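Chemist: Need a 3D model of the following:
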Amino acid sequence: MGPIEQSLLMGASGDGVVAVLATASAPEGESVFERWNQMALAHYESFGIRSRVVPVRDRRDALEPGHASVVRSASMVFFSGGDPGHLHRTLIGTVLLEAIQALLERGGVYAGCSAGAMVAGDPLPGVRGLAARALGQGLGLAPGHVFGVHWDAPMMRPWRGLLGGRVPPERHLLGISERTAVVGSPTGWTVQGSAAVEHRFGGQRRWLQPGESLCL
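Modeler: Residues are numbered from 1 along each chain as shown. This next block holds a predicted model:
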């Protein structure tokens, strides 16, 4: 994703820094949390991109004004994989979430993988169990959308039909394959990377290939 992120940062407002948050991985222990942070720092360094870890493990950290200040001034915020439920519970109703929203409103970039991507979508009231975990509990950063991840992974294929059926037809479901990104703009989404993205809306479904766009 490095070249994609470089391109996005060229047009982003802010101080040029990527704020790295491995919050979703915190329930797996300190070693996993630190591994995500170090992977992110090494990744961005390899592309000449400045990055900074924001050590938000839990809700107490998310209420810390200093952490919110780093995010508010950054050009991009990146959220790691892990537990989407923990990430949602940690961020909802905090100054950190307000900072993320402010970053987006002034032209910054939100990026995430796995759990970090899932929480960008709308909440799905009434969805429980596996569907809630697989589709995430959204924060509403991309209104009208729900994001599925690992969509081409063998473990996910048997569940795609069931999960898709839990998303209301008036919301756009984007099922994102691994090694693939959906890049958003005010007019829609463009698929970038090496695989396809499934789009479901209003009872219709299709696959978008790399380079194809979905205009809204």
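
Chemist: count of residues packed around Pro158?
Modeler: Other residues within reach of Pro158, judged by other C-beta atoms under 10 Å, total 8. No exception for glycine: its C-beta is placed from N, CA and C like everyone else's.

Chemist: Then it would be within a helix, right?
Modeler: Yes: Pro158: assigned to a helix according to DSSP: H, G, I helix; E, B strand; the rest coil.

Chemist: The lowest-mean-pLDDT helix or strand in the chain: what's the following helix or strand?
Modeler: One helix or strand of the chain scores below all others by mean pLDDT, DSSP states H and E: helix 129-135, with a mean of 67. Downstream of helix 129-135, the first helix or strand assigned by DSSP states H and E is strand 145-148.

Chemist: name the element the residue nearest to Gln137 when sequence neighbours are not counted belongs to?
Modeler: Using C-beta to C-beta, 6 or more residues apart in numbering and skipping the chain neighbours, the partner closest in space to Gln137 is His88 (4.1 Å). Counting by DSSP H and E, the element that carries His88 is helix 84-91.

Chemist: what's the offset of that helix from the middle of its chain?
Modeler: Relative to the centre of its chain, helix 84-91 is centred 12 Å away, using C-alpha atoms, centre = their mean, to the nearest Å.

Chemist: which residues touch whichever helix or strand comes after that helix?
Modeler: Moving toward the C-terminus from helix 84-91, the next helix or strand (DSSP H and E) is helix 95-105. By C-beta atoms under 8 Å, 6 or more residues apart in numbering, the residues outside helix 95-105 that reach it are 14, 56, 62-65, 67-69, 71-72, 74, 77, 91, 109-110, 139, 141.

Chemist: please redo it, this time with the cut-off set to 10 Å
Modeler: 12-14, 19, 21, 23, 54, 56, 59, 61-77, 79, 88, 90-91, 94, 108-110, 120, 139-142, 184 (C-beta atoms under 10 Å, 6 or more residues apart in numbering).

Chemist: Keep only those of those that are in strands.
Modeler: Those of those mapping onto strands are 19, 21, 76-77, 79, 109-110, 184, per DSSP state E.

Chemist: where does this structure dip in pLDDT?
Modeler: For the chain, the stretches flagged by pLDDT under 70 are 127-134, 136.

Chemist: Break it into its domains for me.
Modeler: For the chain, automatic domain parsing gives the domain ranges 1-119, 123-211.
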